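1. requesting a structural model of the entry that follows:
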Amino acid sequence: RIKIDVNKFIYHYKNMRWAKGRHETYLCIVVKRRVRPNSLSFDFGHLRNRSGCLVELLFLSGALCPCLWGYGAPDSVGLCYSVTWFCSWSPCSDCSYRLAQFLSQNPNLRLRIYVSRLYFCDPEDSSAREGLRMLQRAGVQITTISTVVYCWQTFVACRQRVFKAWDGLHQNSVQLARKLNDILQVGHTHTHTHTCTHTVLLS
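-> Reported below is the predicted structural model:
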């Protein structure tokens, strides 16, 4: 739950197209968990890659909160989750596949992903591109991070320091959003909605 250092956040979430040397992926996470109409809990935190395990898979394993999914709990059947990710890199093809598979097995979870940069999505036949389209078909909402102010205030140890936009933040965000939209449009006609059985509770 420890917040991210200011310099690490800026380094890893800068949304330039060519981000050399940034071999780690950071994942800032908001989890809303609903058990009953008047019972809503929140979890906030962040993860980063560990040796031998990608950050997306760490989240699915429950690394942020060991009992996150409530498996085995008496009221686990009624649990419904709305999860938001703020990723420094978009998921690779393998993680996209694993995420889509996880969602198909857990219809009580709704996932929204904001990405700062696109991972290996330049080639037209990139498997990473198809992975993003796979997530979209699984009902995941994917977009670029248009502003990092929310992340700054929620996940960064800024000590009340006001966020100062880096050069090119808005321009790069617009360009990345267009590119992501082009990638997702290819598979748009095959998109189907992955709905939470209790979506009315999390809107």
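
2. measure L79 to E24 for me?
-> Distance of L79 to E24, computed by Cβ to Cβ, to the nearest Å: 31 Å. Just so you know, the C-beta spots here come from the backbone N, C-alpha and C atoms, and that holds for glycine as well.

3. for V186, same thing?
-> For V186 relative to E24 (Cβ to Cβ), the value is 29 Å.

4. part of a helix, is L111?
-> No - counting by DSSP: H, G, I helix; E, B strand; the rest coil, L111 is located in no helix; its state is strand.

5. how close does it sit to R137?
-> 13 Å.

6. looking at these two, which is more packed in?
-> Between L111 and R137, L111 has the larger neighbour count (other Cβ atoms under 10 Å), namely 22 against 17.

7. next, the contact list for that one, please.
-> By Cβ atoms under 8 Å, 6 or more residues apart in numbering, the residues touching L111 are V83, T84, W85, L99, L103, G139, V140, Q141.

8. drop anything exposed from those residues.
-> V83, T84, W85, L99, L103, G139, V140 (16 or more other Cβ atoms under 10 Å).

9. reformat those as TSV; add pLDDT.
-> Shown next, in TSV, are the buried ones among the contacts of L111 (pLDDT from 0 to 100):
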residue	pLDDT
V83	93
T84	95
W85	95
L99	94
L103	91
G139	96
V140	97
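
10. closest one of these to L132?
-> Of all those, V140 has the smallest distance to L132: 8.8 Å, by Cβ to Cβ.

11. which of the helices or strands spans the residue nearest the centre of the chain?
-> In the chain, the residue lying closest to the centroid (Cα atoms, centre = their mean) is W85, at 2.6 Å. Using DSSP states H and E, W85 sits in strand 80-87.

12. give the other helices and strands that that strand contacts.
-> Packed against strand 80-87 by the contact rule (3 or more Cβ pairs under 8 Å, 6 or more residues apart in numbering; DSSP states H and E) you find strand 26-36, strand 109-115, helix 149-155.

13. quick one: the helices in the chain?
-> Here the chain has its helices, by DSSP state H, at 6-13, 55-60, 93-105, 127-137, 149-155, 169-186.

14. would JSON lines of those helices with distance to N49 be doable?
-> Shown next, in JSON lines, are these (distance: least, Cβ to Cβ, whole Å):
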{"stretch": "helix 6-13", "distance to N49": "11"}
{"stretch": "helix 55-60", "distance to N49": "5"}
{"stretch": "helix 93-105", "distance to N49": "11"}
{"stretch": "helix 127-137", "distance to N49": "16"}
{"stretch": "helix 149-155", "distance to N49": "16"}
{"stretch": "helix 169-186", "distance to N49": "21"}
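
15. what comes up buried for stretch 29-45?
-> I29, V30, V31, K32, R33, R34, V35, G45.

16. end-to-end on stretch 145-159?
-> 22 Å (Cα to Cα, to the nearest Å).

17. Y119: neighbour count?
-> A count of nearby residues for Y119, using other Cβ under 10 Å, gives 21.

18. and S96, by the same measure?
-> S96, neighbours per other Cβ under 10 Å, totals 27.

19. so what's L202 scoring on pLDDT?
-> Predicted confidence (pLDDT) for L202: 29.

20. thank you, goodbye.
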